[in-house]
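> A predicted structure for the sequence below; I have some questions about it.
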Amino acid sequence: RKTVEVVEQIPLKHLFVETDCPYLTPVPYRGKRNESAYVRHVAEKVAEIKGISLEEVAFQTTENAKNFFGIK
C-alpha cells in the first residue's frame, strides 16, 4: 500500500519506471523471479493509480529518463 501512496503523491514528471530485479515481482508474476521484461506491468499499474493512459506514462517516464541521463 505504501508504494501506491507514493505513486499517488509524486507528480509523473518526477517518476521513473523500473522492475527492481530480481525482487518485488509485479502481479501477475508475483512469486517468480523478477525480470526487466515485466516493466510494462509496472507502467500499467502507475497508469491505473494515476488514472491516466499507459501511453502517457510511457511517454513521460521516457522523457524523465532522457532528461536525467542527458540524452537528447
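Perfect, thanks for sending it. Here the structure is a predicted model, which is why all the values come from computation and not from measurement.

> tell me, how many residues neighbour the nearest residue to residue 50 once chain neighbours are set aside?
Leaving out its chain neighbours, the residue that sits closest to residue 50 by Cβ to Cβ, 6 or more residues apart in numbering is residue 12, at 6.4 Å. Where you see a C-beta, it was placed from the backbone N, CA and C, and this is true even at glycine. Residue 12 has 17 neighbours, counted by other Cβ atoms under 10 Å.

> roughly how far does the residue most central in space within the chain sit from residue 48?
Centre of the chain computed as the mean C-alpha position; nearest residue by Cα atoms, centre = their mean is residue 17, 3.0 Å away. Note on residue 17: its distance to residue 48, by Cβ to Cβ, to the nearest Å, is 13 Å.

> can you tell me the number of residues neighbouring the residue nearest to residue 72 when sequence neighbours are not counted?
Nearest-residue entry for residue 72: residue 66, 7.1 Å, with adjacent residues in sequence omitted and distances by Cβ to Cβ, 6+ apart. Neighbour count of residue 66, defined by other Cβ under 10 Å: 11.

> tell me the SS of residue 66?
Taking DSSP: H, G, I helix; E, B strand; the rest coil as the rule, one finds residue 66 in the helix state.

> thought it was touching residue 16?
No. The criterion here is Cβ atoms under 8 Å, and residue 66 misses it with residue 16 at 11.1 Å.

> can you give me the strands in this structure?
Ranges of strands within the chain: none, based on DSSP state E.

> do a quick rundown of the helices in it.
For the chain, the helices defined by DSSP state H cover 2-9, 39-50, 54-69.

> return the most buried member of those helices.
Most buried of those by mean neighbour count (mean count of other Cβ atoms under 10 Å) is helix 39-50; its value is a mean of 17.
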